[in-house]
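Q: Just a sequence and a predicted model for now, questions to come.
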Amino acid sequence: MSQREFIRQMPGQTGASLSPGLALRLHLDPPLLVGLLLLMFGGLSVLYSAGGESMDLVVRQCIRFGAGLTVLFLLAQIPPRSYRFWAPVIYSIGLVLLVLVLVIGTEAKGAQRWLSIPGAGRFQPAEVMKLAVPAMVAWYFSERTLPPKLTDVIAALLLLGVPAMLIGLQPDLGTAILIAASGLVVLFMAGLSWRLIAVAVIIVVTAAPLMYFFVMHDYQRNRVDTFLNPEADPRGTGWNIIQSKTAIGSGGVNGKGWLDGTQSRLDFLPESSTDFILAVLSEEFGLVGVVILLMMYLVIVGRGFFISWQAQDTFARLLAASLVMTFFIYVFVNIGMVSGLLPVVGVPLPLISYGGTSVVTLLASFGMLMSIHTHRRLMSY
Amino acid sequence: MRRPLTLKDHHHEQRIFSVRLVVGVILVLLLTSVLVGRMIWLQVIEHNRYTTLSDNNRVQTQAVAPPRGLITDRHGEILADNRPDFSLEVIIEQAGDLDQLLLELGKLIELDEGDRERFEKRRRTARRPWEPVPLRGRLTEEEIARLVVNQHRLAGIRISADPIRHYPHGILFSHVLGYVNRINVQDLDAMTLDQQRNYAGTHFYGRSGIERFYEDTLHGEVGYRQVETNARGRILRVLEEQAPVPGQPLRLRLSMRVQQAAYDALGERRGAVVAIDPRDGSVLAFVSRPGFNPNLFVTGISYKDYSAYRNDHDNPLFNRALQGRYPPGSTIKPMYGLAGLDAGVTNWERTIFDPGYYQLENDPHRYRDWKRWGHGRVDLRDAVVQSCDTYFYDMGFKLGIERMHRYMNQFSLGQPTGIDLYNESSGIMPSKQWKKAARGRPWFHGDTINASIGQGFVLATPLQLANATAIMASHGKQIIPTLAGERQPVERTDIVLNDQDNWEKMTEAMVGVTELGGTARAMASGAKYEIAAKSGTAQVFSVGQDETYNEDELAERLLDHALLVSFAPAEKPAIAVAVLVENGRHGGSTAGPVARQVMDAWLLDQQGELNVPPVFANTPVTPPSNAPADGADNEDRP
């Protein structure tokens, strides 16, 4: 495992950066950091409007950003081999906590997601698993030859399937799917054969209706129904999606202007500062604003792919690719749901939505990315 | 963690990964294009549709109901106005536990089953989110205070104030003003589209009386307001406004003072009083007792109150003055007398001998006079003054039913007077043709004899009797009794007698009725003006079959109705009054004093001196600010 230990650490020449030396010593990646900060700043301005010009909301989001950036900075200092070493441990602890949540968890909004720690508030073990599951699957494949054999695939599926199932039981279908996806991305990147992928796609397509009729909770089924036909109950379950589409559509190309979005300002748009914040952005900044936002996401995702491409071992590569891809899936699912392309699942818009733990978890994943990028050793090609 | 076995082919693995990474990048770009495509669909292609939806969301067009016109008496005394009614509403979305809230509210204010039922029904009908649902109306000051004090722990309640109709004099004008109540689907269905548009914001509709007849005048023109609201329905700003045109105020020709006098004079007895100014047809008083409290009907009368009215044997909801049909009895005799004179079947000099009954040739049946031993030898004047039945049996038989019918029609008996109220009864002035059509039987001589003293088939409303008396007082000038406003020109022609002096002579005979030896002498004692009158009693044959009375009640309800028609001052009449007292027995002694008090209220001033008010001038009068209602009469004095 330490076959490259002799290689000297590479002095800071990591592409474009303002002060490569300092950034490298701090284990930060300037392009990624600048992209994230721009996104966060833009997000705060939208949040200010969505929250009805409440500074209170903005300040609290800033505190979260501060906490998230601190975690980012700390995680960036830890070398990737430590992640690799600790991945199975953290994964196992996370699994235990997930079981505990189901047994003694605190209930909120009809789901058991929180674990109260006396004297230290409460937290969601699922957030830890967002990072632990891709790390664990990446660890597993880093120990095997690639492309994976069928037994490895099954093992990996178990590794990602068990926590996803436990989270699904809470029930928190959105997070469960996203965590499963983060593991599946590792599988895909590890070279899962196209044949198996095709089989999986066929299975999913046929299983979806069965899931709908036999597995889903009523409220989940309602969401699907609403997604398929929001006009069936325009005052009830369809209200959110109709109002959000109306907000987006009425924004047009140039938008109604900052602080001038009637849909959100007049309270027609529910959840306007959290899951549906994109509708506010689209209404006030129009198509131009949405495209700029997507460009910013693409820059971050692109940089993430570059980092994973540059990564020097299988674990780092797979983990980096999975974290980036999961980030993009967040973006896609949120925008897809707000614009009526996907059913409504509780997924926030990364770094724009007002929200607690997800901000910290997201920034933590970028800390790991930066760690992967800044702890490389020089390799001669 | 050293695993010596498998030799990993790092280059191969990197190659696999690179290919997958490229696939990943392509996937990301593809999905991003999907999102951009979706946004273009929503924001460019469907933009107009969603802009409309968004505007429909926030901009609402609200109809603004015009304030209903006030109703005053001739002196500007307010008879109907609009006052705020405080009602309790619940915003369901704010309320949280609704059952708990209703329980709490039930402890603070009175909520009956009806309130709860209506609330449940309204709650379930389609409404915008955050639209308040009314729970109870007519909150008292105390209830409002109790709610406000506890508002902090009653999330979701709201107290709103809307103008509703109010009748400050309540029962006094109930049968003439009528009332408004909630407009309903049937009302709207009966309207043209244009009318429906005009009623878009209106909650109340004239249901009876003046309120119904003058609905169009009182209602006004609807206004519109475009407002921007938030999702909670709260109005944030008014974008555009077109003010409603308020309903026109309606000045009635009624006099509050005369109405009050008539109402008080009737006292607790069942009956009706109608007073008309014969100079212009103005209705001065229009009373039917018992009455009802119109304010109870405005926001929806409770079942309890309504059934109390319905089950009352005295039938307070029945408008006796307008729809009560009574045999006019002897009150019709002066008019018959004029008809007999005009047709030449009698004259002032002709006399008959009254033995106490009248007999037709070849008929053993005796038609009795009210005076068993008869009036002896009487001429027409005596027959009017003493109300001799036999004289009129004889004269009526000679006149015949067809001529009787024709003459009485000219006095508006047997046909509607045309007063500005709906559902006026036309009474019955029989003819041969009428009996054939209505009863399917031929006309008998006996029918004519009965009709000759205002009994039999003859039926008239107190309003008709007052109107006929006003025509008498004005010497045949046609009159349409009018409560408000300017009326259409008279369609009927004046009554012109062959000898116009007969008006004067008949008036003189009627003055005799109130003098010594007359049947209504009681009413004229101490009067400062001459009164022409004719009393009457109407026999009651049966009481309603579906009604149950105890014996005393039954006996009382079989007594004769007391009637009296009169006008004064006899030489230059300024008021004609018809009085009906159900089961009052004697017209002269029971109904007479009632008529006298009504006349005094109109003809005498504050000091009790004769001071005939001028005719109604349809010019606006400023309502007296704090002068008592009676004092308003002074405004007529020059």
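A: Sure thing, it's come through.
Q: Closest residue of chain A to chain B?
A: A:G249 (2.5 Å; C-beta to the nearest C-beta). Yep, even glycine has a C-beta here, placed from its N, CA and C like the rest.
Q: Test my guess that that residue contacts B:E46.
A: Yes: using C-beta atoms under 8 Å, A:G249 is in contact with B:E46, at 5.2 Å.
Q: who has more neighbours, those two?
A: Neighbours were counted for A:G249 and for B:E46 using other C-beta atoms under 10 Å in any protein chain shown; A:G249 has more, 29 against 17.
Q: Looking at the helix or strand encompassing the more buried one now, give me its mean pLDDT.
A: Element membership of A:G249, judged by DSSP states H and E, is helix A:239-251. Mean per-residue pLDDT for helix A:239-251: 90.
Q: Now the element after it, going C-ward?
A: As assigned by DSSP H and E, the chain's next helix or strand after helix A:239-251 is helix A:262-265.
Q: Tell me if that next one is near chain B.
A: Yes: Helix A:262-265 comes into contact with chain B (C-beta under 8 Å from any C-beta of the partner chain), by way of A:T262, A:Q263.
Q: next one: that helix to chain centre, how far?
A: Mean-position distance between helix A:262-265 and its chain equals 27 Å (C-alpha atoms, centre = their mean, to the nearest Å).
Q: ok, now stretch B:402-420?
A: Counting by C-alpha atoms, centre = their mean, stretch B:402-420 comes out at 24 Å from the chain centroid.
Q: and the end-to-end length of it?
A: Start-to-end span of stretch B:402-420 (C-alpha to C-alpha, to the nearest Å) is 29 Å.
Q: Now it: buried residues?
A: For stretch B:402-420, burial by neighbour count (16 or more other C-beta atoms under 10 Å in any protein chain shown) applies to B:403-405, B:407-408, B:410-420.
Q: Contacts only, for the residue of chain A closest to chain B.
A: B:L42, B:Q43, B:E46, B:H47, B:R49, B:Y50, B:T51, B:L53, B:S54 (C-beta atoms under 8 Å, 6 or more residues apart in numbering or on different chains).
Q: so how far is B:T417 from the fourth one?
A: Distance check for B:H47 against B:T417: by C-beta to C-beta, to the nearest Å, it reads 67 Å.
Q: low pLDDT regions in the chain?
A: Going with chain A. Where chain A drops to pLDDT under 70, the residues are A:1-20, A:107-112, A:116-122, A:232-237, A:356, A:378-381.
Q: oops, chain B please
A: Applying pLDDT under 70 to chain B flags residues B:1-8, B:125-130, B:232-233, B:486-491, B:541-551, B:618-638.
Q: Show me how it divides into domains.
A: B:62-251, B:256-302+B:319-603 (automatic domain parsing).
Q: can I get those domains in TSV with distance to chain A?
A: TSV is the format used below for the domains of chain B (distance: least, C-beta to the nearest C-beta, whole Å):
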stretch	distance to chain A
domain B:62-251	4
domain B:256-302+B:319-603	28
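Q: most packed of those domains?
A: With neighbours defined as mean count of other C-beta atoms under 10 Å in any protein chain shown, the domains of chain B peak in mean count at domain B:256-302+B:319-603, which reaches a mean of 21.
Q: where do the strands sit along the stretch 1-150 of chain A?
A: Taking DSSP state E, counting those that start in this stretch, the strands of the stretch 1-150 of chain A run over residues A:106-108, A:111-116, A:122-123.
Q: what's the answer for the stretch 1-150 of chain B, then?
A: Under DSSP E, counting those that start in this stretch, the stretch 1-150 of chain B gives strands at B:59-64, B:71-72, B:78-90, B:133-136.
Q: Who's the closest spatial neighbour of the residue of chain A closest to chain B, skipping the chain neighbours?
A: Nearest residue to A:G249, sequence neighbours excluded (C-beta to C-beta, 6 or more residues apart in numbering or on different chains): B:Y50, at 2.5 Å.
Q: give me the number of residues near the one you found?
A: Taking other C-beta under 10 Å as the neighbour definition, B:Y50 ends up with a count of 22.
Q: and the gap between it and A:M337?
A: From B:Y50 to A:M337 the distance is 17 Å (C-beta to C-beta).
Q: now B:L177
A: 62 Å.
Q: Report the distance from stretch B:284-299 to the chain centre.
A: 8 Å.
Q: Ends of it, what's the gap?
A: For stretch B:284-299, the first and last residues are 29 Å from each other (C-alpha to C-alpha).
Q: I figured the residue nearest to A:G249 hits B:V44, correct?
A: No: when contacts are counted by C-beta under 8 Å, B:Y50 is not listed as touching B:V44 (10.7 Å).
Q: picking that back up, relative to B:D112, which of the buried residues of stretch B:402-420 is nearest.
A: When the buried residues of stretch B:402-420 are ranked by distance to B:D112 (C-beta to C-beta), B:D420 comes first, at 38.1 Å.
Q: Checking the closest one next. Helix, strand or coil?
A: Following DSSP: H, G, I helix; E, B strand; the rest coil, we place B:D420 in the coil state.
Q: what are the phi and psi angles of it?
A: phi -80, psi 60 (degrees, to the nearest 10).
Q: repeat for B:S387
A: Torsion angles, degrees, to the nearest 10, at B:S387: phi 60, psi 50.
Q: Which residue comes closest to it once chain neighbours are left out?
A: Nearest to B:S387 is B:S330, by C-beta to C-beta, 6+ apart, at 4.6 Å.
Q: Report the contact partners of that neighbour.
A: So B:S330 contacts B:S387, B:D389, B:I453, B:G454, B:T519, B:K534, B:S535, B:G536, B:T537, B:L563, B:G587 (C-beta under 8 Å, 6+ apart).
Q: how does it look with 7 Å?
A: Contacts for B:S330 (C-beta atoms under 7 Å, 6 or more residues apart in numbering or on different chains) come out as B:S387, B:I453, B:G454, B:K534, B:S535, B:G536.
Q: Can I get these in CSV including secondary structure?
A: Output for the contacts of B:S330, formatted as CSV (three-state DSSP):
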residue, secondary structure
B:S387, coil
B:I453, coil
B:G454, coil
B:K534, strand
B:S535, strand
B:G536, strand
